[in-house]
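1. With the input below, show me the fold.
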Amino acid sequence: MKKKDLNIVLIGAGNVASHLSIELLNTGCNILQIYSRNIDSAKELAQKTNSDYTNNLNLLNKNADLYIVSITDNAIKGIIQHPDFKTDNIVHTAGSVGIEVFKTHSENYGVFYPFQTFSKGKNINFKEIPICIEASNKNFEDFLFNLANKISNKVYKMNSEQRKYLHLSGVFASNFANHMFYIASNILQEQNIDNKILNPLIQETANKLLQLSAFDAQTGPAVRNDTESIKKHLDLLSSKPEFIQIYKLISEDIYKKHF
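-> Predicted structure coming up:
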């Protein structure tokens, strides 16, 4: 792929689209256009990628080599079925949406799924992000595989069924884990304790998982069957019944797995 010879249109301007479009631009692709229903979001990302922008599908650039649909999962079908949306060489970036969503829309279609959590304003090393690809035919698969290798050292061919389970595992490993950090911070803030005190613990928890299995790395009162500590914790949560429910459910599951 020569510098600036691959023309791409991004459908979406959210977290994934923002990181992916900038990475593709830095790799040598040309971002022709950003589409978003929110014109301000489209304009903001277009300024970062030196591209055109629109919130009108009828004005979508028809000269791209690849169209990347990077919007919420439940909005993908609506975009595809829109009478003004006519494209080929199209992929989506969703983990839980199958490749078949494009089946009646295009000849060359697929999935380009970066398996990572993205937030605007937080830089990330794309070389370390697994990218899972799937395509409707071998030629388009090769095209996507080569493109993915330009931005990542970890490219996987993965079918839709496997990818759905990967997405599910990511919800547990990232989204749910992040919510646990929110709960932990909430508990500390109510006691006027700086939640940054959690940072070394969070970092070490993540670091351990690079060397140990999650099963072997498990610590805490539930894995020790320390009923006295568990009771004290539940008493402290007496004003937070929703946290009590979460604490009990997770503690019981940890106990069952280790005893």
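
2. Look up phi and psi at the residue of the chain positioned farthest from its centre.
-> For the chain, the residue at maximal distance from the C-alpha centroid (CA atoms, centre = their mean) is residue 228, at 39.0 Å. With angles defined as degrees, to the nearest 10, residue 228 shows backbone torsions of phi -70, psi -50.

3. so what does the helix or strand of the chain with the lowest mean pLDDT touch, helix or strand wise?
-> In the chain, no helix or strand scores lower on mean pLDDT, DSSP states H and E than helix 76-80, which sits at a mean of 88. The contact analysis (3 or more CB pairs under 8 Å, 6 or more residues apart in numbering; DSSP states H and E) places helix 76-80 against strand 66-69. All C-beta spots, glycine's among them, are computed from the backbone N, C-alpha and C.

4. Could you spell out the sheet neighbours of the strand it packs on, each with its direction?
-> As defined by DSSP bridges, the strand partners of strand 66-69 come to strand 7-11 (parallel), strand 90-92 (parallel).

5. Which one, of those, ends up nearest to residue 103?
-> Closest approach to residue 103 among the strands paired with strand 66-69 is made by strand 90-92 (11.4 Å; CB to CB).

6. just the strands in the protein please.
-> With DSSP state E, the ranges of strands along the chain come out as 7-11, 30-35, 52-54, 66-69, 90-92, 109-114, 131-135, 155-157.

7. Would you format the ones you listed as JSON lines with mean pLDDT, distance to residue 211 and mean neighbour count included?
-> Shown next, in JSON lines, are the strands of the chain (pLDDT from 0 to 100; distance: least, CB to CB, whole Å; neighbours: other CB atoms under 10 Å):
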{"stretch": "strand 7-11", "mean pLDDT": "97", "distance to residue 211": "38", "mean neighbour count": "24"}
{"stretch": "strand 30-35", "mean pLDDT": "97", "distance to residue 211": "39", "mean neighbour count": "23"}
{"stretch": "strand 52-54", "mean pLDDT": "97", "distance to residue 211": "45", "mean neighbour count": "18"}
{"stretch": "strand 66-69", "mean pLDDT": "97", "distance to residue 211": "36", "mean neighbour count": "24"}
{"stretch": "strand 90-92", "mean pLDDT": "96", "distance to residue 211": "35", "mean neighbour count": "26"}
{"stretch": "strand 109-114", "mean pLDDT": "97", "distance to residue 211": "25", "mean neighbour count": "24"}
{"stretch": "strand 131-135", "mean pLDDT": "98", "distance to residue 211": "25", "mean neighbour count": "23"}
{"stretch": "strand 155-157", "mean pLDDT": "98", "distance to residue 211": "23", "mean neighbour count": "16"}
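
8. nearest to residue 198, of the ones you listed?
-> Nearest of those to residue 198, taken as CB to CB: strand 109-114 at 27.3 Å.
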